[in-house]
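**Student:** sequence plus the predicted model coming up.
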Amino acid sequence: MNPFSSSTRLRDMIRSIRACKTAAEERGVVRKECADIRASINENDPHDRHRNLAKLMFIHMLGYPTHFGQMECLKLIASPGFPEKRIGYLGLMLLLDERQEVLMLVTNSLKQYPLLFLVTLHRFLFSHGLCLDSCSMLVVKDRTFAFGIHCYGLALCALGNICSAEMARDLAPEVERLIQFRDPNIRKKAALCSTRIVRKVPDLAENFINAASSLLKEKHHGVLITGVQLCYELCTINDEALEFFRKKCTEGLIKTLRDITNSAYQPEYDVAGITDPFLHIRLLKVLRVLGHGDANASDLMTDILAQVATKTESNKNAGNAILYECVETIMAIEDTSSLRVLAINILGRFLSNRDNNIRYVALNMLMKAIAFDDQAVQRHRVTILECVKDPDASIRKRALELVSLLVNENNVKQLTKELIDYLEISDEDFKEDLSAKICSIVEKFSPEKIWYIDQMLKVLSEAGKFVKDDVWHALIVVISNASELHGYTVRALYKAVLTYSEQETLVRVAIWCIGEYGDLLVNNVGMLGIEDPITVTECDAVDVVEDAITRHNSDMTTKAMALVALLKLSSRFPSISERIKDVILKQKGSLLLEMQQRAIEFNSIVERHKNIRSSLVERMPVLDEATFNVRRAGSLPASVSTMAKPSVSIPNGVSAAPLVDLLDLGSDDILAAPSSSSGADFLQDLLSVDLGSSSAQSGATPAPKAGTDLLLDILSIGTPSPAQNSTSAIDLLSTADMNNNSSTALDTLSSSAPPHIATTASAGGMFDLLDGLSPSPSKEATNGPAYPPIVAYESSSLKIDFTFSKPTGNPQTTNVEATFINLSPNTFTDFVFQAAVPKFLQLHLDPASSNTLPASGGNITQNLRVANSQHGKKSLVMRMRIGYKVNGKDVLEEGQINNFPPGL
């Protein structure tokens, strides 16, 4: 006999599949078996039908397709024998789901199979008024059908697993009547089936309220637990049901929970010495829903919750599960602080448990509890800190998040010390998260600047390579603003970098401070009472910087900062300027082009411009800490200038602001300057010309008020009158000729420029010189007709604005600029925007300006291009999906955009 014939038993097929040594061999066995089953199905052999379906269920569990056997389930359900019905219903639950079209056939084939599914079965039985509790057989149309209690159970189980919304509406009345069935097993299955129906069609919830309330009085635990579950679903879905159960059933549920808690030993319900912990948990969950937001219901359940919390043993998993649900309920209801303290103490005991899962759920619950009673959680601070040192990575991270929530002005020093001490011995994998959290705590709760600097130096010394750039940037800003601590800081950094020279971030901050305050280091200026005097020579300070620039593992940023520091030290330490020059000259042979160029420029400054070197490398002005914090939070992009005047539009549609940024007019020193200063002064110094005499001699041309205006005057673009443009340019160049005879380049430009230059021509020519850009049509001609912007999508945490424009001569194409605005206090990382359009549209997405969306109003932009092949006939429509991470958790938002302006 063929071992893979359709008559092969299920056991033999399983043995053959398990004997396969490779996946290919297993696929071959399954392929042959499926072919034999198909042949048997085509022969319509009823003898092997149940055996074939059993094999198909096993093949389905292995992950192979079995859709060709779905009709066999229906045939077995319609068969007269109970064993065949059992296999048929089991196959129905495994091989089909509510999305399968075969289920539609179930509803539409009632005439062919009178008892094909539960619909026909129930309707037939109730229409004939039969009492099925004592019956076991029924003859319908000369066919004998086995039915009874077991058939009810099979049908209800199948319905509870694969019921669709349409089937739920048809079967709801029959299932509701079965809840009152005499057999408890049927009542239990009917209640579970009702739960599925209510989830699928919430509008039917009110039909099951009375039936569910009757189940809450059951003595049979199996029926009672399903009734409680149905009650819970109804309360979460329907407000009327919630009010009904609050008024009618709260006291009864409390009494049931008290009876179970105080009941004697019952072997049939006992689990680890606790009577029916599953029913305990279900009752606590439904009480949580009933007590939430209702003071009267909460008062009724206070005593029983305290009794459960104190009497339940915590040395078994069943007891811990009940205690956890009890804590959840206490935190959810309207209650006094005494019961919440009891709940938090239970969580504190959980933290001492050896089971990692129990400790993890306790940490999660404490993070919620801290919003209710911070002081009660603070009592367990020592235990929580011990969890930070746990070997399990998930517990460490969750405990670290909880510690950061516990920090306040009173305990910041103690908790920070504990965390930094652990940082020294922590695993490499955990140092990045730990150092980031410490830095965040120190920045937020620092009581004084000297303490902030000390703690940041400790973090940089222990985990400097794990610290992100914005952290040490913020440290430099704080150091710049603490003028009384400059000497103390540079000495502390000097001592730290000698010991921890392998920490890249520490080295960067140290060489920046040595470059700025090297003279304070050598002369021991600003000594504090807590310091020990040290002796540092000029050569010692230079050695530190030289070591950073020559170390083979230093990156580009560190070497560049070291080179700038050497240039500054050449002015602060004139006695060893020759040695510094030699170190700079060595970088002329660097493999990095940027280093080569800067080395040549700095060497020229040291050799030829000693008279201006001191002014060039004087100490940086105090950095604007407030502006830096705003930029760091993402509210102000780094390229935006603080000048109140808007950027000027020039004829070819290119904004002038980027040109100003090329001259560094938007840098920090400009931002920190007084409002009376302007970009004109900076450009005047850059060009070495006197702009004051220019404005005095030319009465018709006003003096420039900002670097933007002056730059546009130089380029002869951006002003309304061509004559005015040319006049201002000629005045500027002629003034430069009178005040600076060495400006030969300006002289050449002045002599070659015609007296009157057209605005468009000069703009186009200048941009050809700058970037090879050719003049383009004006902004109005490019954008075409104006379309109003729209709010494409808005939720509690995210807002999306769309602005539209159309290219000239192509009305089918629409350019869309999407602006994503973060409305939440959390930063969104790994931000991705996806969109889909119908077939008559073509969509192109450009990369977003960033994949990080800053918190509290921060925004990023992304350009879209949509081509409408049915322009004028069909309007735009778009389906979009946004994915991002908040505190490491994935968030997905979806929506459809239908409010596009007409005409697109």
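**Tutor:** All right, it came through fine. Numbers count the residues shown, from 1 in each chain.
**Student:** ranges for the strands of the stretch 101-250 of the chain?
**Tutor:** Listed in chain order, the strands of the stretch 101-250 of the chain (DSSP state E, counting those that start in this stretch) span 137-140, 143-146.
**Student:** any stretches of this protein with poor pLDDT?
**Tutor:** 1-7, 98-151, 634-785 (pLDDT under 70).
**Student:** if we go to 50?
**Tutor:** Scanning the chain for pLDDT under 50 picks out the ranges 1-6, 107-147, 635-784.
**Student:** contact partners for the residue nearest to Met878 when sequence neighbours are not counted?
**Tutor:** Leaving out its chain neighbours, the residue that sits closest to Met878 by CB to CB, 6 or more residues apart in numbering is Ile897, at 4.5 Å. Every C-beta, even on glycine, is put in place using the N, C-alpha and C of the backbone. Going by CB atoms under 8 Å, 6 or more residues apart in numbering, Ile897 touches Ala792, Tyr793, Phe802, Val877, Met878, Arg879, Met880.
**Student:** please, which helix or strand holds Ala867?
**Tutor:** strand 859-868 (DSSP states H and E).
**Student:** touching that strand from outside, list them.
**Tutor:** 812-822, 831, 833, 835, 837, 840-850, 852-853, 874, 876, 878, 904.
**Student:** after that strand comes which helix or strand?
**Tutor:** strand 878-886.
**Student:** quick check, Ala482 in contact with Lys449.
**Tutor:** Yes. Because the distance of 4.6 Å satisfies CB atoms under 8 Å, Ala482 is recorded as touching Lys449.
**Student:** residues in contact with Ala541?
**Tutor:** Per CB under 8 Å, 6+ apart, neighbours of Ala541: Tyr494, Ile514, Gly518, Leu521, Val522, Leu569, Phe573.
**Student:** show me which of the residues you listed are buried.
**Tutor:** With neighbours counted by 16 or more other CB atoms under 10 Å, the contacts of Ala541 contain buried members at Tyr494, Ile514, Gly518, Leu521, Val522, Leu569, Phe573.
**Student:** in TSV: those residues, plus distance to Leu591 and secondary structure.
**Tutor:** Formatted as TSV, these follow (distance: CB to CB, whole Å; DSSP: H, G, I helix; E, B strand; the rest coil):
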residue	distance to Leu591	secondary structure
Tyr494	29	helix
Ile514	25	helix
Gly518	28	helix
Leu521	31	helix
Val522	33	helix
Leu569	24	helix
Phe573	28	coil
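**Student:** which parts of the protein are strands?
**Tutor:** Under the criterion DSSP state E, the chain contains strands at 137-140, 143-146, 270-271, 274-275, 790-794, 798-805, 813-822, 829-836, 841-845, 859-868, 878-886, 889-897.
**Student:** what's the closest of the ones you listed to Glu26?
**Tutor:** Nearest of the strands of the chain to Glu26, taken as CB to CB: strand 889-897 at 34.5 Å.
**Student:** direction included, what does that closest one pair against?
**Tutor:** Strand 889-897 has its sheet partners listed here by DSSP bridges as strand 878-886 (antiparallel).
**Student:** return the set of buried residues in the partner strand.
**Tutor:** Buried, per 16+ other CB under 10 Å, within strand 878-886: Met878, Met880, Ile882, Tyr884, Lys885.
**Student:** and those, which is closest to Ile425?
**Tutor:** Of all these, Ile425 sits closest to Lys885, with 29.7 Å by CB to CB.
**Student:** that closest one is in contact with Thr852, isn't it?
**Tutor:** No. Using CB under 8 Å, Lys885 makes no contact with Thr852, being 9.8 Å away.
**Student:** what is in contact with these two at once?
**Tutor:** The contact lists of Lys885 and Thr852 share Phe828, Thr829, where a contact means CB under 8 Å, 6+ apart.
**Student:** rewinding a little: and the contacts of Ile897 as JSON lines, adding distance to Glu594?
**Tutor:** Listed next are the contacts of Ile897 as JSON lines, based on distance: CB to CB, whole Å:
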{"residue": "Ala792", "distance to Glu594": "42"}
{"residue": "Tyr793", "distance to Glu594": "43"}
{"residue": "Phe802", "distance to Glu594": "40"}
{"residue": "Val877", "distance to Glu594": "49"}
{"residue": "Met878", "distance to Glu594": "44"}
{"residue": "Arg879", "distance to Glu594": "46"}
{"residue": "Met880", "distance to Glu594": "41"}
